[in-house]
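Asker: Predicted structure and sequence below. I'll ask about it afterward.
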Amino acid sequence: MFPARFQLVAAMNLCPCGARGDPAADCKCSPQRLSAYRDKLSRALLDRFDLIVAMPRPRASELAAPPGEASDPVRHRVAAAREGLESGRPSWTKEATELLDRAVERLPLSGRGRARARRVAETVAALAAEPAVGAEHLGEALAYRSPTELGAP
């Protein structure tokens with residue numbers, strides 16, 4: 001084990017031209033070009049990311065919308081969740097445990113991916129101020145594990 005604690009945030013387009021996934025643009029990339037672009041990211045590398053989220057280009061109405069939730073309440077929720085997680089791991093409901101077992105069998109989920117999904121589910125439950133991890137928390141965590149946007153066209 002090497003002592004390292006860091007946070008990596010990365011971004012990429014879904015295709016070389018940057019238009020894939022944008023309803024207002026027309027992607028001109030061939031299947032071969034998309035495949036070569038996707039092949040630059042190994043499954044092992046993607047497996048090391050806790051969250052994989054597609055962010056579509058914001059629409060004008062979204063950019064002009066009033067600001068969302070203020071930072072201060074969010075900061076307090078995150079601090080409370082962090083304290084809860086530092087004091088010990090939350091318990092898991094039977095449904096959540098069974099769902100995790102099924103996910104390992106049915107999804108391309110490695111041991112590392114399972115551990116990361118478990119940790120993200122515990123964080124989701126802590127942010128919701130729930131005493132135990134439920135199936136809904138694990139479902140949300142598993143949704144962040146599958147980079148479907150990086151799949152075949």
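Answerer: Cool, the structure landed. Residues are numbered from 1 along each chain as shown.

Asker: OK, contacts around Asn13?
Answerer: By CB atoms under 8 Å, 6 or more residues apart in numbering, Asn13 lies in contact with Arg20. The C-beta positions use only the backbone N, C-alpha and C, and glycine is treated the same way.

Asker: In a strand, it, correct?
Answerer: No - per DSSP: H, G, I helix; E, B strand; the rest coil, Asn13 lies outside any strand segment and is coil.

Asker: That one and Gln7: what is the separation?
Answerer: Plainly put, Asn13 is 22 Å away from Gln7 if you go by CB to CB, to the nearest Å.

Asker: The worst-scoring helix or strand of the chain on mean pLDDT: what's the following helix or strand?
Answerer: Across the helices and strands of the chain, mean confidence by mean pLDDT, DSSP states H and E is lowest for helix 43-46: a mean of 84. Downstream of helix 43-46, the next assigned helix or strand under DSSP states H and E is helix 60-64.

Asker: picking that back up, can I have the least confident helix or strand of the chain written out in CSV, keeping just the CAs?
Answerer: C-alpha atoms of helix 43-46 as CSV (Å, rounded to 0.1, in the frame of the first residue of the first chain):
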residue,chain,number,x,y,z
ARG,A,43,-12.3,-1.1,-18.5
ALA,A,44,-9.7,-1.3,-15.7
LEU,A,45,-9.2,2.5,-15.8
LEU,A,46,-13.0,3.1,-15.7
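
Asker: How many neighbouring residues does Ala67 have?
Answerer: Rather than Ala, residue 67 is Pro. Pro67 sits with 6 neighbouring residues when counted by other CB atoms under 10 Å.

Asker: Hmm, I typed the wrong one, I wanted Leu34.
Answerer: 20.

Asker: wouldn't Cys116 be in contact with Leu138 here?
Answerer: Rather than Cys, residue 116 is Arg. No - the criterion here is CB atoms under 8 Å, and Arg116 misses it with Leu138 at 11.9 Å.

Asker: Have a look at those two and say which one is more surrounded.
Answerer: Taking neighbours as other CB under 10 Å, Arg116 and Leu138 compare with Leu138 leading, 26 against 20.

Asker: What strand or helix carries that one?
Answerer: Using DSSP H and E, the element containing Leu138 is helix 135-143.

Asker: Kind regards, and thank you for your time.
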